[in-house]
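[1] sequence first, then the predicted structure:
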Amino acid sequence: MSPFPSALPAPRTPDPATAPALRWGVLGTGWIAERFIGSVRRHTRQRFTAVASRDGGHAAEFAARHDIPRAHGSYESLVADPEVDVVYVATPHTAHLSGARLALEGGKHVLVEKPLAPSEAEAALTARLAAERGLFCAEALWTLFLPRFDVVRRLLESGDLGEIRTVLADIGEYFDPAGGHRIFRPELAGGPLLDLGTYPVALATWVLGAPDTVLATGQPHPAGVNGQLSAVLRTARGDQAVLHTTLFSDTPTTAVIAGTRATLTLPGPFYQPGDLVLTPAGGGTPLTYTEPRTAHDALCHEAAEVARCIAEGRTQTPLRPLADSLTTLRVMDGIRRQCGIVFPGESPDAA
């Protein structure tokens with residue numbers, strides 16, 4: 001057995017500014033699109049050449065505010081734009097499949113906001129179409145593209161944690177029902193699972209693999225969506241993840257990956273840039289990795305990875321393969337079935 005490391009490894013994440021420049025079109029003009037554009041512009045050489053909204057006036061206003069040359073009043077028009085190489089789908093969850101399909105059928109590479117789709121079945125359609133067209137496709141789960149998570153990746157690869165038996169992850173954020181946020185809208189697949197819960201489920205399935213057992217319970221919100229849920233995942237070996245997400249309250253939003261040799265703690269918010277603490281099993285002097293807590297200003301890393309992969313002729317990224325996105329959604333579908341959460345277009349028996 002190798003000794004406990006004397007220092008944590010450095011991230012291998014390339015400087016986003018070194019990624020080859022591509023021309024990006026953006027479907028959607030919401031909160032995440034604004035932050036994505038800002039971060040990518042500040043830290044990379046990527047170019048935003050077009051934006052689309054179903055409301056042409058809204059698209060024009062957004063384009064003017066963000067200095068984007070062309071505004072399209074339809075998604076169909078943007079994906080036909082010859083000045084666009086890759087499309088970033090930043091629409092509500094229920095439009096992820098349709099946006100990705102438009103882009104791929106239009107011959108464009110695509111980066112789809114997380115989750116890839118509301119369900120595994122819809123996400124599989126996107127993955128199949130990308131494969132048929134030989135185009136790049138990825139889920140914009142920005143967490144796994146961060147330097148912080150490459151340090152986690154290196155620790156998993158090295159075996160310094162030993163046999164990993166446990167993952168604990170929580171994410172809770174208070175949303176004011178009077179604020180009109182889409183998270184309260186059943187017709188847009190509201191509730192915390194897709195917006196927040198994707199992060200702990202993705203962490204657990206990334207670290208432990210696909211579970212063979214999912215146990216979940218939930219609590220409704222008066223708005224008609226799920227308000228919070230908890231889940232236990234168990235692998236065939238018996239390793240377990242305990243996960244929680246809520247829109248009722250702010251919670252620590254921390255994560256723990258515990259192995260037989262060491263425990264890795266990710267102080268909250270665990271899915272953003274920040275620290276890591278590795279503590280030897282049985283106690284001892286912990287090791288700490290620190291990086292600036294730049295929050296969503298680190299969205300640039302996923303765009304840079306997309307650009308590098310496309311330039312290299314890849315149709316997927318090894319940092320978040322589509323198979324991993326499908327596994328996460330399969331688990332989330334299982335959670336929904338047990339909590340009685342039904343999304344638009346589904347029958348009650350589907351959830």
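    Received the coordinates, thanks. Numbers count the residues shown, from 1 in each chain.

[2] please count neighbours and contacts with C-alpha atoms only from this point.
    Fine.

[3] now do the helices in the chain.
    Applying DSSP state H to the chain gives helices spanning 31-43, 56-65, 75-79, 96-105, 120-133, 147-158, 192, 198-208, 300-311, 322-339.

[4] for P267, find the nearest of those helices.
    Minimum separation from P267 across the helices of the chain (C-alpha to C-alpha) falls at helix 147-158, 11.4 Å.

[5] got the domain ranges for this protein?
    Structural domains annotated on the chain: 16-143, 144-295+315-350, as defined by automatic domain parsing.

[6] could you save the ones you listed as CSV and add columns showing distance to S6, mean pLDDT and mean neighbour count?
    Output for the domains of the chain, formatted as CSV (distance: least, C-alpha to C-alpha, whole Å; pLDDT from 0 to 100; neighbours: other C-alpha atoms under 10 Å):
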stretch, distance to S6, mean pLDDT, mean neighbour count
domain 16-143, 26, 98, 20
domain 144-295+315-350, 8, 96, 19
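
[7] of those, which approaches L8 most closely?
    domain 144-295+315-350 (6.6 Å).

[8] the residue nearest to Y271 when sequence neighbours are not counted and C300, how far apart?
    Nearest non-adjacent residue to Y271, counting by C-alpha to C-alpha, 6 or more residues apart in numbering: T143, 5.3 Å away. Applying C-alpha to C-alpha, to the nearest Å, the value for T143 to C300 is 11 Å.

[9] also A307?
    Taking C-alpha to C-alpha as the measure, A307 falls 11 Å from C300.

[10] check T294 too.
    For T294, the distance to C300 - C-alpha to C-alpha - is 11 Å.

[11] what sits opposite V214 in the beta ladder?
    Bridge pairing for V214 (DSSP bridges) gives the partners L233.

[12] same question for G25.
    Beta-bridge partners of G25, as defined by DSSP bridges: A50, V87.

[13] that one contacts T49, doesn't it?
    Yes - using C-alpha atoms under 8 Å, G25 makes contact with T49 at a distance of 5.9 Å.

[14] now do the shared contacts for those two.
    Residues touching both G25 and T49 by C-alpha atoms under 8 Å, 6 or more residues apart in numbering: V84.

[15] and of the domains of the chain, who's closest to P9?
    Nearest to P9, of all the domains of the chain, is domain 144-295+315-350, at 6.1 Å by C-alpha to C-alpha.

[16] ok so, going back, could the domains of the chain go into a markdown table alongside distance to A7?
    What follows is the domains of the chain, written out as a markdown table (distance: least, C-alpha to C-alpha, whole Å):
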| stretch | distance to A7 |
| --- | --- |
| domain 16-143 | 23 |
| domain 144-295+315-350 | 6 |
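
[17] put the alpha carbons of stretch 94-104 into CSV.
    Extracted C-alpha coordinates of stretch 94-104, given in CSV (Å, rounded to 0.1, in the frame of the first residue of the first chain):
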residue,chain,number,x,y,z
THR,A,94,-38.6,20.8,-21.3
ALA,A,95,-37.1,22.3,-24.5
HIS,A,96,-33.7,20.7,-24.3
LEU,A,97,-34.5,17.8,-26.6
SER,A,98,-36.2,19.9,-29.2
GLY,A,99,-33.3,22.5,-29.2
ALA,A,100,-30.6,19.8,-29.4
ARG,A,101,-32.5,18.0,-32.2
LEU,A,102,-32.8,21.2,-34.2
ALA,A,103,-29.1,21.9,-33.8
LEU,A,104,-28.0,18.4,-34.7
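
[18] what sits up against that stretch?
    27, 75-76, 79, 87, 89-91, 109-110, 112-113, 116-118, 122-123, 125-126, 129-130, 133, 135, 188-189, 344.

[19] quick check, central residue of this protein?
    With distances taken as C-alpha atoms, centre = their mean, the residue of the chain nearest its centroid is L141 (2.1 Å).

[20] report the contact partners of that residue.
    With C-alpha under 8 Å, 6+ apart, L141 has these contacts: E113, K114, P115, E302, R320.

[21] look up how far C137 lies from the last one.
    In this structure, R320 and C137 are separated by 10 Å, where distance is defined by C-alpha to C-alpha.

[22] now the end-to-end length of stretch 154-168.
    This stretch, stretch 154-168, spans 19 Å end to end (C-alpha to C-alpha).

[23] what lies in contact with that stretch?
    For stretch 154-168, contacts defined as C-alpha under 8 Å, 6+ apart pick out 4-5, 9, 11, 204, 207-208, 238-243, 255-264.

[24] go again with 6 Å.
    The contact list for stretch 154-168 (C-alpha atoms under 6 Å, 6 or more residues apart in numbering) reads D239, Q240, A241, V242, A255, V256, I257, A258, G259, T260, R261, A262.
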